Structures are given as C-alpha cells and as structure tokens.
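**Q** Got a predicted structure here, sequence first:
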Amino acid sequence: MTVNFVLNGKAVSLVIAANRRLIDMLRDSLGLTGTKEGCGIGECGACTVLMNGEAVNSCLILAGQVEGAEIVTIEAIAKHGTLHPVQENFLQYGAVQCGFCTPGMVLSTYALLQTNPQPSEHEIAAAISGNLCRCTGYKQILEAVQKTVEEMNSAPSEHGRS
Amino acid sequence: MIPQIEFVRPKTLHDALSILAESGDGARVIAGGTDVIPGFQQGDLRLKSARTLVDIHHLPELKNVETRDGGLAIGAGITFTDLAKHPIIAAEYPLLKQAALTVGNVQIRNRATLAGNFVNNAACADSVPPLLVYNAVLRIQSHTSVRETPLSDFLLSPNQVQLNAGELVTNIFLPKLSASHSGEFYKLGRRRGTAISRITLAVLLKVTENRIEDLRIASGAVTPIGMRFIDLEKVALGKTIDKSFLKSLANELGEHVLSKTGIRWSTPYKLPVLQQMFFQLLCRVRGCSGEAIR
C-alpha cells in the first residue's frame, strides 16, 4: 500500500506493507532512528512522536492510519543546528542518562508546552506520565522542564518558535 | 508481531458498514489501535482469525457530540482527550470526564476511543462505571439495521458483548439527568499513570429532604465485568441518608461483590478498600468529611 503524509514539514510518499507501524516507517524505511522502540505495547512512551500536534505512541499506529497526517519526530525539534530550550535544559539539568527515553520525553514536553505554556509541576508530571525513565528518577526531568517554562515565559520572543 | 493483513480505510461510515458486512468473520475494526496493536503483539486470541482490519478512526460521523432529547449523543469514536475537553460532558456528565482522564496516559488518550474502551468487555474499562450510572444507551448499526441497546445489556460476560458480525457501535447516548443528581468516580491502579484499574467505582446520588430518591452504583475491575448493583440501589431508596446508613450500605456492597467474585487472593485487600472508597465517595457527594469506617 502507499501512504502519503507530511513528515517534519516535508511531504512523504511510501510504499509499505499493511502490517508495518508508524515507528517502522520512521526507523526502517526513512532512517530516522531518533524515535526509539521500547515496549511495543504503548506503556513506555519511548516511541512518542507528534501526530497532528498531539503526542502519540508510534508503535500503536498502523502505517495506513498515518495517511494525510502531519508527523513530527525528535529530528525536527532542534532547528538549524540549535537545540530547543527543552533539549538544552535536559542536558543542563542532567535529565539525560542512558538517553533511550529522552526523545519521547522531549516530545511529550514539547506537546505540553504548545498547548499549555505555563504548566504546573502536576501538569508536567501528568504530561510525561506515559514516558518511563529508569535512570533519572524523573526529578531532573521535572527540573529541566520547569526551567524551560521559566525561560520561555520570561523571554517569549526568544523561544517563541513553533 | 503483527501478521500479514489487509488494511482498509473506508471514506464514510456507510462504506465501513458495507465492508464489515462483506468481510464476514475475518474482519476486525481498528480505531485508536491502543488495544488492537498490543493484542497482536501479545497473541490475543480475539485477533487470531483476523484477515482484514477496517480503520474507522478518521470517520467524522463517529466523532460528533450533540444534544438530543435533552441528553447527549456522543460519537463512539471520540478520543478520551476530546471527551475530557468537551464542555457539556464536563458540566453535565463529570464522572465520564473524570474516568476519561484516568485512562492510560496522554499518548493513549490521544488515540483511544470511548467505544473501543468497552466493546471488548474488559472488566478494567474505566469508562464503564460512569456510563452505567448515567444509563448509557448504545446505537449499534450494521449495513442493513440500526438498533439501540442499554450498555448494561450489551455487556454480557467477560470479553463477551451483544454484538453481531457486521455490527458497529456508532453512538453512545446519555439521557438527561436532573440538576440535583451528583456523583463521584474513583479508580485504583498500581500507580497513578498508565495503570490498568484494580478497582473502579462510580456513584450517582439524588437526595430530597435528606432521603435518598435515587442512588446508582457501578463497579469495574473488582467485578468480572463492569456492573450496576440494582438490588443494593433499591435497598437505599427512600432511606434517610446519614453516616451510619452509608456504612451499612458499604458493608452490604462488599457482600454483593463477594457473591460475584468469590474469595480471591486479593480479597483481603480489595474488599475493605472498595467498602472504604464507596463510603468516602458518598460522603464526598454529600459534602461531609467521611472518617474511616471502623
């Protein structure tokens, strides 16, 4: 079957077997290996990408269901070689250890900030409750997101990109 | 591993129903995929004979929410994210919103659909206790028929529902509720996020001059399927509502649940938790603090 969608701002058309998933298209067909596969059943969030602006598990979406959708992966979060503030702060605050959960964490956080620029600690925790991290214990991740929120609200023009 | 399978994406509900009628036993419906895909990965027997997946997730006919006969008709394919955001659901049927927000996690709620939650009749379906206390009625369509069935009749036994080949749940109707009804929902899982329910409970209460005029109780996860406790509800009718009566009702709920499940390894933990929850929920509905039952 042929699937047409927009990936990181560019139109893509792929011929692919019907039993392949979004994550397979990204990693195997398109070579975008920033998206990780953990559990494969929607519990760990390592495979999180944005679909039409919402965080979704790419392991739970069949290739054919992506037809016409807009997909954003971790590869498009840094712009022109500059990390997004969320990514910067993940590094700054030690929110990355093994790094396997990081792309998913960043995208869940990114999706949250798109709709809620001033989330409370509880709202941040709820937004990443579908992303497991077995290294950091989440404290550093929360700190990194909170710092990003502070920065974005004190200097909206500087980081006000989409 | 997902087997070699045919995938079809009909453009309209009408086309979807035609395909379901033609494909017979080998057809399975997929919407958000949060149940079907893990089902394939874990070798779920329900999917063993699947040859064709019919995708209904994008059909606009299944996303509508509209007022009808004073109640609310909710498209079966609404995601839990959209359900939780809907202003009428939040205002009129808040237990459903509460339950929606406990389903899975953000990524799951962005894909998982309301009907997808209960069409397999898993005991742990979080939407079921609220839908049951709201007396939800399902609209079920096939290529040639339309029928309406209360959710309580639709849910037959674990993993069994009243749905024939070629049929699709297309709409969930919640009848109008009096403004003096008020309720609570509670979910207990092993953790707060991404948890399969261990106990869910919904209560809906209407009290006039301190007497119970209407009480509706529904459980999930702790009973073999989500269910109402009609006998217990009848016991409460007309009774003066005070803490001692609520305590006796909580104890009786425990007896009812035990009669459905028998004693299990988890009973010494779950039964007192359920009774305590029930008592606390009713106290909360009444706006009084509920100290622990002793």
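**A** Looks like it arrived, so ask away. Numbering: from 1, shown residues only, chains lettered A, B, ... in the order given.

**Q** Next, work out how far apart A:Gly45 and chain B are.
**A** 6 Å (C-beta to the nearest C-beta, to the nearest Å). Bear in mind the C-beta positions are built from the backbone N, C-alpha and C, glycine included.

**Q** list the contacts for the nearest residue to that residue once chain neighbours are set aside?
**A** Once flanking residues are discounted, A:Gly45 sits nearest to A:Asn131: 3.5 Å by C-beta to C-beta, 6 or more residues apart in numbering or on different chains. Taking C-beta atoms under 8 Å, 6 or more residues apart in numbering or on different chains as the criterion, A:Asn131 is in contact with A:44-46, A:48, A:101, A:104-105, A:108.

**Q** tell me which of these is nearest to B:Val8?
**A** A:Thr48 (27.3 Å; C-beta to C-beta).

**Q** residues contacting the closest one?
**A** A:35, A:55-58, A:103-105, A:107-108, A:130-131, B:107.

**Q** Just the pLDDT for it.
**A** Looking at A:Thr48, its pLDDT is 98.

**Q** Kindly report the same for A:Val56.
**A** So, for A:Val56, pLDDT stands at 98.

**Q** thinking it is in contact with B:Arg109, fair?
**A** No - using C-beta atoms under 8 Å, A:Val56 is not in contact with B:Arg109, being 10.0 Å away.

**Q** more neighbours, the two?
**A** Between A:Val56 and B:Arg109, counting by other C-beta atoms under 10 Å in any protein chain shown, A:Val56 is the more crowded of the two (30 against 24).

**Q** right, and the secondary structure at the more buried one would be what?
**A** Per DSSP: H, G, I helix; E, B strand; the rest coil, the secondary structure class of A:Val56 is strand.

**Q** Distance-wise, check it relative to B:Gly32.
**A** Distance, A:Val56 to B:Gly32, using C-beta to C-beta, to the nearest Å: 9 Å.

**Q** before we move on, what about B:Thr194?
**A** 15 Å.

**Q** picking that back up, narrow the contacts of A:Asn131 to those in helices?
**A** Using DSSP state H, the subset of the contacts of A:Asn131 located in helices is A:104-105, A:108.

**Q** Please, where are all the strands along chain A?
**A** A:2-7, A:10-15, A:48-51, A:54-57, A:70-72 (DSSP state E).

**Q** just the ones you listed: most buried one?
**A** Of all the strands of chain A, strand A:54-57 carries the top mean neighbour count, a mean of 28, counting by mean count of other C-beta atoms under 10 Å in any protein chain shown.

**Q** roughly how far is that one from the heart of the chain?
**A** 8 Å (C-alpha atoms, centre = their mean, to the nearest Å).

**Q** Which residues does it contact?
**A** Under C-beta under 8 Å, 6+ apart, the answer for strand A:54-57 is A:42, A:45, A:47-50, A:107-108, A:111, A:127, A:130, B:34, B:81, B:106-108, B:110-111.

**Q** one more time with 7 Å
**A** Contact with strand A:54-57 is made by A:42, A:45, A:47-49, A:107-108, A:111, B:106-107, B:110-111, as judged by C-beta atoms under 7 Å, 6 or more residues apart in numbering or on different chains.

**Q** Would you mind confirming that A:Cys101 is in contact with A:Cys39?
**A** No - counting by C-beta atoms under 7 Å, A:Cys101 does not reach A:Cys39; the two are 11.4 Å apart.

**Q** residues in chain B within reach of chain A, list them.
**A** B:2-7, B:9, B:30, B:33-34, B:37-38, B:41-42, B:55, B:57, B:104-108, B:110-111, B:193-194 (C-beta under 7 Å from any C-beta of the partner chain).

**Q** Mind checking which of those residues are buried?
**A** B:2, B:5-7, B:9, B:30, B:33-34, B:37-38, B:41, B:55, B:57, B:104-108, B:110-111, B:193-194 (16 or more other C-beta atoms under 10 Å in any protein chain shown).

**Q** Now, these that are in helices?
**A** B:37-38, B:41, B:106-108.

**Q** For those, work out which two are farthest apart.
**A** So, those by C-beta to C-beta: farthest apart are B:Gln41 and B:Val106, at 20.8 Å.

**Q** ok, which stretches of chain B are helices?
**A** Using DSSP H, helices in chain B cover B:13-23, B:36-41, B:80-85, B:87-92, B:94-100, B:106-109, B:114-118, B:128-133, B:151-154, B:230-236, B:243-261, B:267-285.

**Q** Chain A versus the nearest residue to B:Phe279 once chain neighbours are set aside, what's the distance?
**A** Closest residue in space to B:Phe279, ignoring its immediate chain neighbours: B:Ala250 at 4.2 Å, by C-beta to C-beta, 6+ apart. Distance, B:Ala250 to chain A, by C-beta to the nearest C-beta: 30 Å.
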